[in-house]
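# can you look at this prediction? I've put the sequence above it.
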Amino acid sequence: MKIKILGTRGEIDPSAPYHSRHSGVLIDEILELDMGEKEFLKLHPQWILITHLHPDHAFFVREPHTSFSVERTKIYAPEKFDGSMEVIPLVKPIQLDDYKITPIPTHHSHKVASQAYLIEKNQQKILYTGDMIWIDKKYHRLLKGTQLIITEASFIHKGGFIKKHPLSGKLYGHNGLPNLIQLFSPFTPHLLLVHFGSWFYNNISESRKLIKKLGREHQLRIDVGYDGMELNL
């Protein structure tokens, strides 16, 4: 699979040229994961998989009743969307030509549903998480043998930013990068980080060094994603 990182900025003000666009990943030029910027439509992907309906992952949430031209592109998400953009709920595995797509529920928001996507093509297997706190243990078996996991880096400190909703009791927010590394390291040799929070921009050079140190400690390859980055699996 040929992977291109389209955007790596979280829901914060832009402050670095290579991290200026919101979330998006393009696979083999036809399968897009998240669509944080309207300009990503110009790439004309055949399918778009939205992890959750927050505006930095689905730009049209900011303008729900404005029509956007997507031609023959199909857009999938964890739930229906109350707006002009046609979104197909996807909660079960689906085959899209050569790609087997398995949605895996994640904990992130108390308002909208969220899920990661396991993408398999031939003998290749990657996971894209979007924003998250955790993945329930019953789904961990699906992660075995994953060659690459693309996940978020909103918070560098352990525990991240997690709250409990007073009415539903549901946890919401983002876990810390050390927690996500601990979660994923048994299943993959390679993490690629996107969706950076404000901590990363205070000193990007030092932030990169800290990430590499975490990788060495866990005997894990950890790459810092940036807008326009390309790699082949």
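Received it, and whenever you're ready, just let me know what you need. Numbers count the residues shown, from 1 in each chain.

# which is the next helix or strand following the longest helix along the chain?
Within the chain, and with DSSP state H defining each element, the longest helix by residue count is helix 204-217. Once helix 204-217 ends, the next helix or strand along the chain (criterion: DSSP states H and E) is strand 221-224.

# in its sheet, which strands sit next to that next one, and in what direction?
Its sheet considered, strand 221-224 pairs with strand 190-196 (parallel) by DSSP bridges.

# what about residue 95, how many residues nearby?
Number of residues near residue 95 (other CB atoms under 10 Å) recorded here: 9. Heads up, the C-betas are built off the backbone N, CA and C, glycines and all.

# tell me the secondary structure at it.
Three-state call for residue 95 (DSSP: H, G, I helix; E, B strand; the rest coil): strand.

# and it, how far from residue 144?
Using CB to CB, to the nearest Å, we find residue 95 at a distance of 21 Å from residue 144.

# now do residue 29
To residue 144, residue 29 is 28 Å away according to CB to CB.

# what helices and strands are in contact with the longest helix of the chain?
Where contact means 3 or more CB pairs under 8 Å, 6 or more residues apart in numbering; DSSP states H and E, helix 204-217 is packed against helix 177-184, strand 190-196, helix 198-202, strand 221-224.

# what's next to the shortest one, contact-wise?
By CB atoms under 8 Å, 6 or more residues apart in numbering, the list of residues contacting strand 221-224 from outside reads 181, 189-193, 207-208, 211-212, 214-215, 231.

# partners of the next helix or strand after that strand, with directions?
Scanning forward in sequence from strand 221-224 by DSSP H and E, the next helix or strand is strand 230-232. Partners of strand 230-232 in the sheet, by DSSP bridges, are strand 2-7 (antiparallel).

# which residues does the strand it pairs with contact?
Outside strand 2-7, the residues that reach it (CB under 8 Å, 6+ apart) are 20-29, 32, 36-37, 40, 43, 126, 148, 150, 192, 194, 225-233.

# any chance of the helices and strands packed on helix 204-217 in CSV, with mean pLDDT, distance to residue 74 and mean neighbour count too?
As requested, the helices and strands packed on helix 204-217 are exported to CSV (pLDDT from 0 to 100; distance: least, CB to CB, whole Å; neighbours: other CB atoms under 10 Å):
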stretch, mean pLDDT, distance to residue 74, mean neighbour count
helix 177-184, 97, 29, 20
strand 190-196, 98, 23, 25
helix 198-202, 94, 33, 16
strand 221-224, 97, 30, 18
